[in-house]
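# test case, fold it:
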Amino acid sequence: MYYFYILYSERTNRYYIGHTENLLQRLKKHNTDHKGYTGKVNDWEIVYTEVFHSKSEAYARERQVKNWKSRKAIKRLINK
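Purely as a prediction, here's the structure:
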């Protein structure tokens, strides 16, 4: 199974959108000190997930939501 996910950092007040095969391992990596967007803080938490049968489906959903470019739309998705 593959996951589409949205993370939230309270410290930066930002969302991160991605996809993975191992959700908990991926969250652990986001919360480590590394180069990249999520490496600057370590308070990322999972606020939304969807499950897919294939990597391509999860990636397509990631691209779809990223193309919204709307914080309001992301919040609506999380809160529904």
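
# what distance do you get for the nearest residue to residue 38 once chain neighbours are set aside to residue 45?
Computed as C-beta to C-beta, 6 or more residues apart in numbering, the closest residue to residue 38 that is not its neighbour in sequence is residue 30, at 4.2 Å. The way it works is simple: take the backbone N, C-alpha and C, and place the C-beta from them, glycine included. With distances taken as C-beta to C-beta, to the nearest Å, residue 30 is found 10 Å from residue 45.

# what of residue 57?
Residue 57 is 24 Å from residue 45, by C-beta to C-beta.

# between the two, which one's more packed in?
Using other C-beta atoms under 10 Å as the criterion, residue 57 and residue 45 rank with residue 57 on top: 15 against 12.

# what's near enough to touch the more buried one?
residue 2 (C-beta atoms under 8 Å, 6 or more residues apart in numbering).

# and for the closest residue in space to residue 49 that isn't next to it in sequence, the neighbour number?
Excluding its sequence neighbours, the residue lying closest to residue 49 (C-beta to C-beta, 6+ apart) is residue 5, at 4.9 Å. Close neighbours of residue 5, defined as other C-beta under 10 Å, add up to 21.

# tell me where the protein has helices.
Remark: helices assigned in the chain by DSSP state H are 23-30, 55-68, 71-79.

# how about those in CSV, adding mean pLDDT and distance to residue 41?
As requested, the helices of the chain are exported to CSV (pLDDT from 0 to 100; distance: least, C-beta to C-beta, whole Å):
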stretch, mean pLDDT, distance to residue 41
helix 23-30, 95, 9
helix 55-68, 97, 20
helix 71-79, 96, 18
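
# TSV for the ones you listed, including distance to residue 15?
As requested, the helices of the chain are exported to TSV (distance: least, C-beta to C-beta, whole Å):
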stretch	distance to residue 15
helix 23-30	12
helix 55-68	10
helix 71-79	6
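
# quick one: closest of the ones you listed to residue 38.
Nearest to residue 38 among the helices of the chain is helix 23-30 (4.2 Å), distances taken as C-beta to C-beta.

# buried set for that closest one?
23, 26-27, 30 (16 or more other C-beta atoms under 10 Å).

# tell me which two in those residues are the farthest apart.
23 and 30 (10.6 Å).
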